[in-house]
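**Q** Okay, sequence plus prediction incoming.
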Amino acid sequence: GYMGPHKRTFILNKEASAITWKSTSPMKGANSTRVDLTSVTRVTKGQSTIPFVKNANNALVKGKESLSFSVVYEDYRGVETTLDIVCDNQEQFDSWFSELTGLVKYHMQNKASDDRVRRFAQRQWSLADADADGLLSFKEVLALVQKLNIDLDRGYVQKIFDEIDADNSGNLDYIEFQALLDELSKREDVYAVWYALCTGAIFTGHRSVNSYMSSSKPIPSSYKSMALPAETFHRFLTEVQKVEQTLEQTKLKIEAMKGEDEERDTQLRFSNFRDYLSSSENAAYAVECSTATYQDMEQPLSHYWCASSHNTYCESDQLKGYSSVNRYINDLTKGCRCVELDCWDGPKNEPIIFHGHTLTGQIKFKDVITAIKEYAFLQSEYPIILSFENHCSIPQQKVMASYCKSILGKMLVVPELAEGGRLPSPEALKNKVIIKAKKLPKKADEEEPIDEDLEEQKKAAESTKPKDDGEAPPPGPAKEKKKKPKVAKELHDITFLSGVHFKSWFQSANEALANEMSSFSEPKTEKFIKSSAAEWVEYNKKQMSRIYPAGVRIDSSNYNPVPSWNVGSQIVALNYQTSCLQMHLNDGKYLDNGGCGYVLKPAVLRSPGVSFDPVAGPFPREEQLDFDVEVMSAHQLPKPNGAQKGEVIDPYVKVELYGIPADQRNCMTRVIDNNGFNPIFNETFTFRAKMKSLGLLYFAVYDSDQFDADDFIGYATIPLTCLKEGIRKVDLRSWNGNNSGEFQFCSLLVNITFK
C-alpha cells in the first residue's frame with residue numbers, strides 16, 4: 001500500500017541519466033526505483049501535485065513549500081507519475097533543482113535533435129548494463145533482445161555475439177554493442193526502398209518496392225555498398241516525396257548528412273538514405289505545420305478552433321479524484337488555451353475550486369491563478385481563456401476579482417470589440433488572459449439563466465451518490481438556494497466573454513454581440529447537429545460556442561469532438577486527464593500551427609454568405625482529396641504497458657479517417673506474428689475525402705491477443721492538411737500521448753500517394 005512521506009536517499013546518476021534509490025520493499029524491481037531523465041516532462045517548484053495535496057498536514061511536508069519540488073515523468077509503464085521531494089535545506093534544494101532542470105533541458109534539446117541512432121544506442125546501453133560495469137554479458141544481451149521485441153533464436157544471438165566479441169572476452173564494450181545493435185536492427189524495409197532507388201524501379205511505379213519487400217528471394221547485398229549520384233536522390237525527393245527544392249539544395253543536404261568519418265562528397269550511400277527516411281524532416285506530419293505557427297492569426301477569435309479542457313482540476317474520475325493545481329500546469333504545458341475553473345465559497349473568505357456536489361479535493365482559487373500566471377505562455381504566446389463556472393457568494397466573487405487583478409496584472413485584459421463588432425484576434429491578444437463568465441444582466445429585470453452544466457452535474461452526482469467515506473459535505477454548494485446569487489460588479493468588470501443562455505439561431509444572428517457566448521451540453525449538441533447544423537455553422541462565424549461533456553460522464557470519459565469541430569464550434573472541451581481515441585484526435589489536431597493551441601478553421605466555416613452543412617455540403621472542389629496509404633512496416637514497437645519481459649508482440653495497424661460523415665472510413669492490416677522490432681505489412685488502403693480541412697488520419701498499432709482483448713501499443717493523428725506525400729515516417733505516441741522513453745524511437749514507414 002501507500003506508505004506516505006518518508007526519509008530516503010536519492011542518487012542523481014548523470015552517466016545513466018537517471019535518479020535512483022533503494023526501496024525498502026523486496027517486491028520492487030529496479031524499474032520502479034528509478035526515474036529515467038529522458039522521460040521527464042518537467043520539474044516544478046512547490047507543492048502542486050496530488051501526493052503533496054494528500055499529505056499537506058504531514059510534519060515532513062507542512063510549511064516546506066520552498067524546499068519542495070516535483071519531478072513529473074512517464075514511468076516504465078507509460079503512465080504519467082510524479083516523484084515528490086522535500087529537501088533538508090535550501091542549499092540542497094538549490095543544487096538539486098538547478099542540476100535537474102539543466103539535465104532535463106539538455107535531454108529535451110537532445111530529443112529534438114536528429115541523431116536517433118546514437119540516442120537509441122545510449123538509452124539501450126544504460127538499460128541493458130544491469131550491473132553498471134561498462135560491459136554487457138551474453139545474458140544481458142539476451143534480456144535486451146527480448147525487451148526490444150525481437151523473436152530471435154538463442155543460438156543465432158550467440159552467433160552474432162561471438163562474431164562481434166572480437167577479443168573473445170565474453171563481454172561487449174560500448175563500441176561492440178553498437179555493432180550488435182546495427183546487426184540486430186537491419187532495416188529490410190528501407191533496404192528494399194534503396195534497392196528500388198538503385199535500380200530505378202521506384203520511378204516506374206511504387207508496387208516494385210512492395211514486391212521486393214515481400215518476395216522470398218533476398219535482395220543482393222552488393223547494393224549496400226553502392227553510392228548514388230545527387231541527381232538520383234534529387235529525383236526521388238522531387239518526384240516521389242514531392243519536395244520542392246533545387247539540385248543545389250539536394251547536394252547541400254547530402255553533404256550535411258555525412259558522418260565525421262565519411263568522405264565529404266555529394267554521393268548518397270545507404271546509411272545516409274536510411275538516416276534521411278527516419279529523420280524528423282521526413283515525417284508524414286509536415287514539419288512546417290508542427291514546428292511553426294504559420295497561419296493567419298489576425299482573424300477574429302471565433303474563426304479558430306481552440307484547444308480546451310473540461311474540469312481542468314480533476315486528476316482522475318470526477319467523483320473520487322483529487323483536484324490539483326498540477327492538472328492546470330499539465331494542460332497549459334500541453335498547449336491547452338481554454339481552462340475551466342469551478343469556483344465555490346471556501347473557508348476564511350478564500351474561494352476554492354472543486355467539482356460541485358462531488359467529493360473531489362479542494363484547491364485554492366488563488367493558487368490556480370498563480371499557476372496560470374507562471375505557466376500560461378511557456379508553450380504558446382496566444383491568449384488563455386479562463387472559463388469560470390461561478391457558484392460563489394458576492395463577497396467571495398469580489399475576492400476572485402481582486403486575485404485576478406493583483407496576480408495577473410497586465411496579463412488580464414477586457415478588450416474592445418474590433419471593427420464591425422467582431423471579436424479581437426489571437427494576434428492582438430498575445431500573452432493576455434481573458435475571462436469567460438456570466439455578467440450582470442443588461443436590463444435590471446432580466447432573469448438569471450439556468451446553469452445547465454450545474455443541473456446535469458447535480459443529477460449525475462445524485463444518481464451515483466458515493467458512500468459516505470467520512471468526508472464532510474462540501475462547504476458551499478450543499479446549502480444552495482434555488483435563486484442563484486447575482487454577479488459581483490467587480491467580476492463583471494473584468495469579464496470579456498459573456499456567458500449567456502442560448503435562445504435561438506435567429507436571436508443570435510440578429511441581436512447578439514460577438515463576445516456573448518453559450519455553452520451547449522453534449523445531448524443538446526447532438527440534437528442541434530442533427531436538426532440545424534448549417535445554422536450553427538453560421539452562429540460560429542461570429543460568436544464562440546463551448547461544448548462540454550454530459551453530466552453523466554462522471555468517470556471523466558470523453559465524447560466525440562469531431563461533429564462539433566465540423567460545425568465550427570471553437571471550445572470543444574475535453575477531459576485532458578483521460579487518454580482515449582478522442583484525446584488522440586485532439587492531440588493531432590492541435591499539434592498543427594506549431595502547437596500554439598489555435599487552429600484556423602477552413603473558409604467554409606468562416607466566410608460570410610457561404611452556407612455549409614457537414615452532411616449536405618456543398619463541398620468545394622479544392623477540399624477534395626483522394627489518396628492511398630500503404631502501411632509498409634513498423635520499427636521498434638515497444639511491448640504493451642512498458643513490459644520488459646514477456647512474449648514478443650503480434651502487431652497489426654488500424655488506419656482510420658475521421659471527419660465529415662461521408663469521409664469516415666476504418667481499415668486494418670493483417671497481424672504479423674512474433675515481431676515488434678521490424679514487422680513488414682505492405683498493405684494499401686484507399687481513402688476519398690470530400691472535406692480535407694476537416695479530416696484527421698489516425699494510425700493505431702495493437703498487439704493481437706488470441707485469448708484476451710488486444711493491447712494498445714501506440715498511435716499517431718495527422719490532419720489531412722498536414723499530410724505529406726511519399727515514403728514517410730510516422731512517429732508513434734504512447735496511450736497517454738507521450739513521445740518519451742521507448743516512444744522516442746518507434747515509428748511506422750508509410751507510402752502516401754495523392755491521386
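**A** Thanks, I have the structure now. Numbering: from 1, shown residues only.
**Q** okay, CA-based contacts and neighbour counts for the rest of this
**A** OK.
**Q** hang on, residue 526 in a helix?
**A** Yes - under DSSP: H, G, I helix; E, B strand; the rest coil, residue 526 falls within a helix.
**Q** any idea how far it is from residue 538?
**A** Computed as C-alpha to C-alpha, to the nearest Å, the residue 526 to residue 538 distance reads 17 Å.
**Q** got it, and residue 389?
**A** Residue 389 sits 26 Å away from residue 538, going by C-alpha to C-alpha.
**Q** quick one: which of the two has more around it?
**A** residue 538 (25 against 22; other C-alpha atoms under 10 Å).
**Q** The more buried one in helix, strand or coil?
**A** Three-state call for residue 538 (three-state DSSP): helix.
**Q** check contacts around it.
**A** Neighbouring residues of residue 538 by C-alpha atoms under 8 Å, 6 or more residues apart in numbering: 605, 611.
**Q** which residues of the stretch 301-450 of the chain fall in strands?
**A** 304-306, 338-344, 352-353, 363-364, 384-390, 433-437 (DSSP state E, counting those that start in this stretch).
**Q** cool, and the stretch 151-300 of the chain?
**A** With DSSP E, counting those that start in this stretch as the criterion, the stretch 151-300 of the chain has strands at 171-172, 227-228, 268-269.
**Q** quick one: low-confidence ranges for the stretch 551-700 of the chain?
**A** For the stretch 551-700 of the chain, the stretches with pLDDT under 70 are 551-557, 644-645.
**Q** ok, residue 408 touching residue 369?
**A** Yes - using C-alpha atoms under 8 Å, residue 408 makes contact with residue 369 at a distance of 7.4 Å.
**Q** quick one: low-confidence ranges for the stretch 151-300 of the chain?
**A** For the stretch 151-300 of the chain, the stretches flagged by pLDDT under 70 are 151-153, 184-186, 205-217, 260-261.
**Q** contacting residues for residue 245?
**A** Contact analysis of residue 245 by C-alpha under 8 Å, 6+ apart lists residue 238.
**Q** ok, it to residue 203 distance?
**A** Counting by C-alpha to C-alpha, the gap from residue 245 to residue 203 is 18 Å.
**Q** Let's verify the nearest residue to residue 187 once chain neighbours are set aside: helix, strand, or coil?
**A** Excluding the flanking residues, the one nearest residue 187 by C-alpha to C-alpha, 6 or more residues apart in numbering is residue 678, at 7.3 Å. Secondary structure for residue 678, judged by three-state DSSP, is coil.
**Q** residues contacting residue 678?
**A** Counted by C-alpha under 8 Å, 6+ apart, residue 678 has contacts 185, 187, 633-637.
**Q** biggest helix in this structure, by residue count?
**A** Identified as the longest helix of the chain according to DSSP state H is helix 90-112.
**Q** For it, buried residues please.
**A** By neighbour count on 16 or more other C-alpha atoms under 10 Å, the buried set for helix 90-112 is 93, 97, 100-101, 103-105, 107-108, 111.
**Q** now stretch 366-382
**A** Neighbour-count burial for stretch 366-382, counted by 16+ other C-alpha under 10 Å, picks out 366-373, 375-377, 379-382.
**Q** One more: stretch 607-617?
**A** Using 16+ other C-alpha under 10 Å as the test for burial, stretch 607-617 gives 612-614.
**Q** Closest to residue 84 out of those?
**A** Nearest to residue 84 among the buried residues of stretch 607-617: residue 614, at 48.0 Å, using C-alpha to C-alpha.
**Q** Double-check the closest one against residue 564; I have them as touching.
**A** No - Residue 614 lies out of contact with residue 564 (C-alpha under 8 Å); the separation is 10.2 Å.
**Q** related to what we said a few turns ago, what's the most buried one of the strands of the stretch 151-300 of the chain?
**A** Mean neighbours per residue, mean count of other C-alpha atoms under 10 Å, is largest over these for strand 171-172, with a mean of 22.
**Q** roughly how far is the longest helix of the chain from the heart of the chain?
**A** In terms of C-alpha atoms, centre = their mean, to the nearest Å, the centre of helix 90-112 is set 23 Å apart from its chain centre.
**Q** Show me what it is in contact with.
**A** Counting by C-alpha under 8 Å, 6+ apart, residues outside helix 90-112 touching it are 37-38, 40-43, 66-69, 87, 744.
**Q** The same query, at a cut-off of 6 Å, please.
**A** Residues from elsewhere that reach helix 90-112 (C-alpha atoms under 6 Å, 6 or more residues apart in numbering): 38, 67, 87.
**Q** Drop anything exposed from those.
**A** Those of the contacts of helix 90-112 that meet the buried threshold are 38, 67, 87, by 16+ other C-alpha under 10 Å.
**Q** helix/strand/coil for the first one?
**A** Right, the one you point to is residue 38. helix.
**Q** Could you check the pLDDT of it?
**A** Per-residue confidence (pLDDT) for residue 38: 80.
**Q** The last one now?
**A** Taken from the predicted model, the pLDDT recorded for residue 87 is 93.
**Q** Now the buried members of the contacts of residue 678.
**A** Of the contacts of residue 678, these count as buried by 16+ other C-alpha under 10 Å: 633-637.
**Q** which one of the residues you listed sits closest to residue 436?
**A** Closest approach to residue 436 among the buried ones among the contacts of residue 678 (C-alpha to C-alpha): residue 637, at 43.5 Å.
**Q** Specify the local secondary structure of that closest one.
**A** Three-state call for residue 637 (three-state DSSP): coil.
**Q** Residue 746 is in contact with that one, correct?
**A** Yes - using C-alpha atoms under 6 Å, residue 637 makes contact with residue 746 at a distance of 5.2 Å.
**Q** What separation do you get for the nearest residue to residue 618 once chain neighbours are set aside and residue 599?
**A** Leaving aside its chain neighbours, residue 618 sits nearest to residue 612 (6.0 Å; criterion: C-alpha to C-alpha, 6+ apart). Using C-alpha to C-alpha, we find residue 612 at a distance of 19 Å from residue 599.
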